[in-house]
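Q: mind folding the following:
(4 chains)
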2 protein chains.
Amino acid sequence: MTTHGGASPSLIDVARAAGVSTATAGRALGGYGQVSERTRERVLAAAAELGYRPNGLARSMITGSTHTIGVVVADVANPFFATALSGITDVAQPAGFEVLLANTGGALAAEQRAVSVMSEKRVDGMIVAAAQPGEGTHLKHAMEAGVPVVLIDRQVSGVPEADSITIDNEHAAAEAVAHLLELGHRRIGVITEAGDQLARLRAGTRRRGLFPSAVRLRGYVRALDAAGVEVDEALVAPARYERGSAYDALLSLLDLADPPTAVLCTDNVLASGAYRAAQDRGLRMPEELSLIGFDDEPWTTLVRPELTIVEQPTYDLGARAGRQLLDHIEGERAGRAPQHIQLKAKLVARESTARPVAVR
Amino acid sequence: MTTHGGASPSLIDVARAAGVSTATAGRALGGYGQVSERTRERVLAAAAELGYRPNGLARSMITGSTHTIGVVVADVANPFFATALSGITDVAQPAGFEVLLANTGGALAAEQRAVSVMSEKRVDGMIVAAAQPGEGTHLKHAMEAGVPVVLIDRQVSGVPEADSITIDNEHAAAEAVAHLLELGHRRIGVITEAGDQLARLRAGTRRRGLFPSAVRLRGYVRALDAAGVEVDEALVAPARYERGSAYDALLSLLDLADPPTAVLCTDNVLASGAYRAAQDRGLRMPEELSLIGFDDEPWTTLVRPELTIVEQPTYDLGARAGRQLLDHIEGERAGRAPQHIQLKAKLVARESTARPVAVR
DNA sequence: CTGAAAGCGCTTACAG
DNA sequence: CTGAAAGCGCTTACAG
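A: Numbering: from 1, shown residues only, chains lettered A, B, ... in the order given. Have a look, this model is predicted:
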């Protein structure tokens, strides 16, 4: 039976009902220390009778561990983060850790607040996909307070001590472009959220503090450079993270005097907008245009032609981050140097890419 | 400056540094009680100096509130749950509540464990999409312990006191079928996860304890009944929650001696499998087959023909549940009867449905 | 194996 | 406005 009304029963109530001290009752229920079988049974019976639920807050305050990890992402509704999150929970929960989730909408202020609140709630560690790769002082503070942090999807400048699990985005984009080059394309366009950073990328060598989209753009440039194909700025079409914006971007590429014969879209939202634009223009793919997207979403094999894509190991990204963080929490990695793991993406060639037609 | 090494500073350290009692330091930092401006400044300065972070566990133990709500779903990677979850976080976070997430994989045992752990962590309330609508004693226990529970997506038998926010699935499916009937279809098939429950549904009147798929199947039956069209069991094709299974289900419907001219798929995974099967069969849609799916996913407007769908207010489902739970937590609904809100789904007619061809 | 006591880090009456 | 003391519900040495 459970007690109704009144406050929920505490260890004192159980101890009293079982005729033992709270220390003994705690040992019997908590599975620590030594208790005789006879006593244990009495305590368990009393606890069941009263509908006792241990208070995790009190326990955590003493043990110093909440068995909770914080996860901070920009948007859970985004399949990328949702999938990574499921990788995290699949690792954390069997290990006895719950997940405290914060959705920041990509706003730095929200992220700072979330990290701060999680620190106050005394999470045992945090996994964060940072909103601004350039700003990491809030993460640095958390680490200084003893909360291990694992970065996913993007590195952050100012927090070199944090482990990171990222996709090798530069290589992923380069491989996609190499695929197009092999097919014989020379006019290769790219639709990217980092359109404004072309100049900086070509100069700099920075690795941290860059958005994945910028790193992918660098891969595009690198692959062209390697093949001796000149990078034409007109072929770099900027777009916002929206289908409509990518739609317009593709149309503007097609309207060029010397339009591309192939286009790389640096994420799946941009790809869906571009795909749609190509359809609406009545372009035959892959004959008149080769198209490559990112992420193996369901729609990419439902459309005709099926879309050639770069497949990111998203679930694995989350699972690895979870494992890494648990190792930290359990002290497995004490004192070791931070690890920066790069996962490889995989090109999946399907129907939307082919040799360019000889004559346009 | 922050303190390095050693334990993180407590209120005692701050109080000592500021030359006041812990009570006063607490008042200055916690924003409760009265403190003189001068004292407040001294305390704040000391706290900043020491890098003080209040311990939320200690605070929660006293105040009795963790400002955390638990959310239990079967699969965060599923767009339906991911979207509902974002509705929840968007409501909870601005109100100062964090979300503790549990991913059960649809297993009842995992759900029971999650609910139990959340109770121990003293969440202020829970939102749960139950794995088994027929089994709710663990939820009943939580409510008896004073933790308000709001059910989403499905009602659960044995927990009538819990609020619920669901989609009016019966109406949603009925409307889809009515659309097909209006177009002139009489042989209307359905691909459903609840294929085995047809007989039970036609007899019973139970509302709780049913999976959404079963309720949708009932809507299908009801719409046909209302139109005086006989329900042909051969047109009810069972499938598992997988694209491949739905693929096979559509093919088996098409292979019938008297095949359907239209098919309703009761969720979006089934719809994608069926769509693919129709394509591979070389069927022209909507001329040779009309098809309706559930959920407005990106792919449904990327394929040709665009898919006619029933659009569920998924984000709103989550947001409403969040609001409802916060009202409970804040005592707004104390003593009132439980609310069972049904949200309406909306039929979005696109290109995959049309009049059946007169002669087959 | 068991218990009395201290203590985790706060907030809350209660005095002053 | 400020402080001394009690207490939230546990776990952990320390004795026995």
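
Q: can we go C-alpha only for contacts and neighbour counts from here?
A: Will do.

Q: so is A:Thr39 in a helix, a strand, or just coil?
A: helix (DSSP: H, G, I helix; E, B strand; the rest coil).

Q: ok, it - contacts?
A: A:Ala28 (Cα atoms under 8 Å, 6 or more residues apart in numbering or on different chains).

Q: and the gap between it and B:Leu283?
A: Distance check for A:Thr39 against B:Leu283: by Cα to Cα, to the nearest Å, it reads 72 Å.

Q: then A:Ile12?
A: The spacing between A:Ile12 and B:Leu283, counted by Cα to Cα, is 71 Å.

Q: count of neighbours near the closest residue in space to A:Gly96 that isn't next to it in sequence?
A: Sequence neighbours aside, A:His67 is the residue nearest to A:Gly96 in space, at 6.7 Å (criterion: Cα to Cα, 6 or more residues apart in numbering or on different chains). For A:His67, the neighbour count with other Cα atoms under 10 Å in any protein chain shown is 21.

Q: could you do A:Asp255 as well?
A: A:Asp255, neighbours per other Cα under 10 Å, totals 11.

Q: could you check the pLDDT of it?
A: pLDDT, A:Asp255: 97.

Q: now swap in A:Ser272 and tell me
A: So, for A:Ser272, pLDDT stands at 95.

Q: can you pull the phi/psi pair for it?
A: A:Ser272 has phi and psi values of phi -70, psi -40 when expressed as degrees, to the nearest 10.

Q: residues near it, how many?
A: 26.

Q: cool, A:Glu233 as well?
A: A:Glu233 has 12 nearby residues by other Cα under 10 Å.

Q: show me what the helix or strand encompassing A:Arg222 is packed up against.
A: Counting by DSSP states H and E, the element that carries A:Arg222 is helix A:212-226. In terms of contacts (3 or more Cα pairs under 8 Å, 6 or more residues apart in numbering or on different chains; DSSP states H and E), helix A:212-226 is packed against helix A:169-183, strand A:188-192, helix A:198-203.

Q: what are the contacting residues of that helix?
A: A:153-154, A:169-175, A:177-178, A:190, A:192-194, A:197-198, A:201-202, A:230-231, A:266-267.

Q: ok, stretch A:10-23 next?
A: By Cα under 8 Å, 6+ apart, stretch A:10-23 touches A:Thr24, A:Ala25, A:Gly26, A:Arg42, A:Val43, A:Ala46, A:Ala47, A:Leu50, A:Tyr52, A:Arg53, A:Pro54, A:Asn55.

Q: show me what counts as buried in that stretch.
A: A:Ser10, A:Leu11, A:Asp13, A:Val14, A:Ala15, A:Ala17, A:Ala18, A:Val20, A:Thr22 (16 or more other Cα atoms under 10 Å in any protein chain shown).

Q: the residues you listed in strands, which ones?
A: Using DSSP state E, no member of the buried residues of stretch A:10-23 falls in strands.

Q: all helices for the stretch 1-150 of chain A, in order.
A: In the stretch 1-150 of chain A, the helices defined using DSSP state H, counting those that start in this stretch lie at A:11-18, A:22-30, A:37-50, A:56-63, A:79-92, A:108-120, A:137-144.

Q: pretty sure A:Val35 contacts A:Glu41?
A: No. With contact defined as Cα atoms under 8 Å, A:Val35 does not reach A:Glu41; the gap is 9.7 Å.

Q: got the end-to-end distance for stretch A:224-238?
A: OK, stretch A:224-238 end separation, Cα to Cα: 18 Å.

Q: nope, stretch A:303-315 is what I meant
A: 24 Å.

Q: how far is that stretch from where the chain is centred?
A: 18 Å (Cα atoms, centre = their mean, to the nearest Å).

Q: then stretch A:88-97?
A: The answer for stretch A:88-97 is 16 Å, by Cα atoms, centre = their mean.

Q: can you give me the end-to-end span of it?
A: 10 Å.

Q: got the contact list for that stretch?
A: Contacts for stretch A:88-97 (Cα under 8 Å, 6+ apart): A:67-69, A:98-99, A:318-323, A:326, B:102-103.

Q: wait, what's in contact with the residue nearest to A:Arg284 when sequence neighbours are not counted?
A: Nearest residue to A:Arg284, sequence neighbours excluded (Cα to Cα, 6+ apart): A:Ala278, at 7.9 Å. Contacts here follow Cα under 8 Å, 6+ apart; on that basis A:Ala278 touches A:Leu250, A:Leu251, A:Arg284.

Q: for the nearest residue to the second one once chain neighbours are set aside, what are its contacts?
A: Leaving out its chain neighbours, the residue that sits closest to A:Leu251 by Cα to Cα, 6+ apart is A:Ala277, at 6.6 Å. If you count contacts by Cα under 8 Å, 6+ apart, A:Ala277 has them with A:Tyr247, A:Asp248, A:Leu250, A:Leu251.

Q: element containing the third one, please.
A: Put plainly, it is A:Leu250. Here A:Leu250 is assigned to helix A:243-254, by DSSP H and E.

Q: now do the buried residues in that helix.
A: A:Arg243, A:Gly244, A:Ser245, A:Ala246, A:Tyr247, A:Asp248, A:Ala249, A:Leu250, A:Leu251, A:Leu253, A:Leu254.

Q: can you give me the strands in the stretch 251-360 of chain A?
A: A:262-265, A:290-294, A:308-311, A:340-343, A:346-348 (DSSP state E, counting those that start in this stretch).

Q: list the buried residues of the shortest one.
A: For strand A:346-348, the buried set under the neighbour-count rule, 16+ other Cα under 10 Å, comprises A:Lys346, A:Leu347, A:Val348.

Q: tell me what that strand is packed against?
A: Short answer (3+ Cα pairs under 8 Å, 6+ apart): strand A:346-348 packs on helix A:169-183, strand A:308-311.

Q: distance of the closest residue to A:Ala319 other than its chain neighbours from A:Leu101?
A: Spatially, and ignoring its direct neighbours in sequence, A:Ala319 is nearest to A:Gly87 (4.3 Å; Cα to Cα, 6+ apart). In this view, A:Gly87 and A:Leu101 are 14 Å apart by Cα to Cα.

Q: now swap in A:Val149 and tell me
A: Taking Cα to Cα, one finds A:Val149 at 14 Å from A:Leu101.

Q: show me which of those two is the more surrounded one.
A: The residue with more neighbours, out of A:Val149 and A:Leu101, is A:Val149; 28 against 24, by other Cα under 10 Å.
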